[in-house]
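Participant: Pasting the sequence and the predicted model now:
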Amino acid sequence: MSNKAVIVFSGGQDSTTCLIHALTHYDEIHCITFDYGQRHRAEIEVAQQLAKELGVTVHKTMDVSLLNELAISSLTRDNIPVPTINSSGESLPSTFVPGRNILFLTLASIYAYQVQARTVITGVCETDFSGYPDCRDDFVKALNKALELGMDYQLTLDTPLMWLNKAETWALADYHQRLEFIRDQTLTCYNGIKGNGCSNCDACNLRAKGLNEYLNNKDRVTHSLKAKLNLN
Ligand code: ZN
């Protein structure tokens, strides 16, 4: 059996960095992009183009539009504003889509079962987005256990970015000599603008802050990245 992994792939900074990292570890990579009627259709095209350019084995776009019917969020409805830099409060942001990662990781794991892959990679991260409960380590570990029991199949949900901050995620891209590529080709912006984005939404703000921090402290950030991921 070849060394295979399945990646939940959105074409954003985090999942693309996971993909670049995984390309050095696996012979065969299957990317899955979920189409849940996100209001920025560009996301799907960006993901397709990136997967092609990076040379993955298979790129699959899966229709999960039923999520859009069930879960109302600013990522799926044009009339709900996306959060901007000063709007974050204590409650969950309007971009939260309840159950999204439960569904995505479950579907990706069913796919992994079909192609006999033992690893499902996801770019979720507890450090920067702890507001999303289904990005937390506790949740991922619990779901991993449930999936193994429910399918009677040994499987690892791998979360390489879980304990990295955004600056360290940039350092990981740079470690693989792909910093410019990630900066220019990925789409993270809540307003659907590729590359540096709208520079006004929460996602753009987080991304730009992390990049500045990395560029101003390359040695320190690279050092902590290597320690966390056990890199040479
Ligand atoms: Zn933006």
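Facilitator: Thanks, I have it.

Participant: Point out the residues in the chain that sit beside the ion.
Facilitator: Proximity of the chain to the ion, by Cβ under 5 Å from the ion, involves residues Cys189, Asn191, Gly197, Cys198, Cys201, Cys204. For the C-beta atoms, the positions are set from N, CA and C on the backbone; glycine is no exception.

Participant: which of the residues in stretch 42-49 are buried?
Facilitator: Going by neighbour count (16 or more other Cβ atoms under 10 Å), the buried part of stretch 42-49 is Glu43, Ile44, Val46, Ala47, Gln48.

Participant: Helices - which of those land there?
Facilitator: If you go by DSSP state H, these have Glu43, Ile44, Val46, Ala47, Gln48 in helices.

Participant: For the nearest residue to the second one once chain neighbours are set aside, which residues count as its bridge partners?
Facilitator: With sequence-adjacent residues excluded and distances taken as Cβ to Cβ, 6 or more residues apart in numbering, Ile44 is closest to Asp35, at 5.7 Å. For Asp35, the beta-bridge assignment (DSSP bridges) gives partners Asp63.

Participant: residues contacting Asp35?
Facilitator: Contacts here follow Cβ atoms under 8 Å, 6 or more residues apart in numbering; on that basis Asp35 touches Ile44, Thr61, Met62, Asp63, Val64, Ser65.

Participant: what's the distance between the fifth one and the ion?
Facilitator: The one in question is Val64. Distance from Val64 to the ion, counting by Cβ to the ion, to the nearest Å: 24 Å.

Participant: Which of the buried residues of stretch 42-49 sits closest to the ion?
Facilitator: Comparing the buried residues of stretch 42-49 against the ion with Cβ to the ion places Glu43 closest, at 12.5 Å.
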